[in-house]
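Fold the following and give me the result.
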Amino acid sequence: MHIYSITMANQHNNNSNEYTNIELFDTIDLHYFHPRDIKSILEEFINNAIEKGYMRLEIIHGKGKSVNKTIVHNYCKKDPRVKAFFDKPGNWGITIVIL
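Alright, predicted model coming up:
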C-alpha cells in the first residue's frame, strides 16, 4: 500500500525547520497553506488523485477575499487533466474538480 502525503511547513513558527506530512484523499483544505504554495500542492494533489483513481475532487479554499479560489480556478483552467470545475452547490468556498 502506498501512502501519499504532502510535506508542509509548521505554520506556528515561520523560521521553523519543522514539517508535517498529511495524507491525501479526494478532498484537500487549503486553509493551512500559504497562497504561494498552492500551485505545487494542487499538482501533487491531482497526481495523487489520478494514482488512486479519484475522478471527483473537492478543494476547500474558503470564501474570504477569494485569493485561494482564484489560484485554484486559474490552475484548473490550465491543467489538461481537469475536465471540469465549478463551485460546490450551496458553498462557493469549495471547488469541485472533475478529472
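
ok, now how distant is G90 from G62?
Computed as Cβ to Cβ, to the nearest Å, the G90 to G62 distance reads 15 Å. (Each C-beta comes from the backbone N, C-alpha and C, glycine too.)

Also K83?
Taking Cβ to Cβ, one finds K83 at 24 Å from G62.

Tell me which of these two has more neighbours.
Neighbours per residue (other Cβ atoms under 10 Å) separate K83 from G62, with G62 holding more: 15 against 11.

For the more buried one, which non-adjacent residue is closest in space?
G93 (5.0 Å; Cβ to Cβ, 6 or more residues apart in numbering).

hmm, who's touching the strand or helix carrying that neighbour?
G93 belongs to strand 91-98 when elements are defined using DSSP states H and E. With Cβ atoms under 8 Å, 6 or more residues apart in numbering as the test, strand 91-98 has contacts from 46, 55-63, 69, 72-73, 76, 82-88.

No further questions, thank you.
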